[in-house]
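Enquirer: Turn this into a model:
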Amino acid sequence: MREGRDVVRMRWWCIRKHDQGWSGNKIAAHLQIPRSTAYYWIAKYGRCRKEEMANKPNKLMMVVDDRTRKFVLRLREKHDWGPCRIERHISINHLSCRGESFLYTHVASKHERDELGDHQDVLSSM
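Expert: Modelled structure (predicted):
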């Protein structure tokens with residue numbers, strides 16, 4: 001898709017034309033977008049209001065308390081475990097993370113661990 005195009009307006013137009021009987025192929029050709037994009041918009045936004053057609057993140061931002069974050073970081077650093085192994089460890093040992101379910105899979109990606117750098121003393125003191 002070309003830069004500077006108003007995607008929300010294009011989606012809205014696509015849905016209106018589809019409701020008027022236009023085919024997805026004709027809509028795609030008119031908007032100069034791939035057919036798969038036109039059909040995706042029709043399927044995804046067919047029953048949406050215009051305000052709901054803006055890009056939204058697929059996943060909600062999760063809030064992780066400090067206790068859970070430190071626990072997961074400690075497991076990652078001490079054992080070099082990934083999300084699946086941490087999830088298994090917590091479920092096998094019936095550990096509680098204050099009600100947050102499976103937040104440990106999203107805590108401290110490699111990039112985030114690299115950013116911690118100087119704060120490794122916090123992890124080792126746990």
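
Enquirer: SS state for the residue nearest to residue 34 when sequence neighbours are not counted?
Expert: Nearest non-adjacent residue to residue 34, counting by Cβ to Cβ, 6 or more residues apart in numbering: residue 28, 6.4 Å away. Quick note: C-beta positions are derived from backbone N, CA and C, even for glycine. Recorded secondary structure, residue 28: helix (DSSP: H, G, I helix; E, B strand; the rest coil).

Enquirer: Number of residues surrounding residue 28?
Expert: Residue 28 has 19 neighbours, counted by other Cβ atoms under 10 Å.

Enquirer: list the contacts for it?
Expert: Residues in contact with residue 28, defined by Cβ atoms under 8 Å, 6 or more residues apart in numbering, are 34, 35, 37, 38, 39.

Enquirer: Repeat that for residue 79.
Expert: For residue 79, the contacting residues are residue 85, by Cβ under 8 Å, 6+ apart.

Enquirer: quick one: it and residue 15, what's the gap?
Expert: 50 Å (Cβ to Cβ, to the nearest Å).

Enquirer: cool, and residue 37?
Expert: As for residue 37, its distance to residue 15 is 13 Å (criterion: Cβ to Cβ).

Enquirer: what do you get for residue 25?
Expert: 16 Å.

Enquirer: Have a look at the two and say which one is more surrounded.
Expert: Higher neighbour count among residue 25 and residue 15: residue 15, with 20 against 11, using other Cβ under 10 Å.

Enquirer: Check that one and give its pLDDT.
Expert: For residue 15, the pLDDT comes out at 93.

Enquirer: so it makes contact with residue 46?
Expert: Yes - using Cβ atoms under 8 Å, residue 15 is in contact with residue 46, at 6.0 Å.
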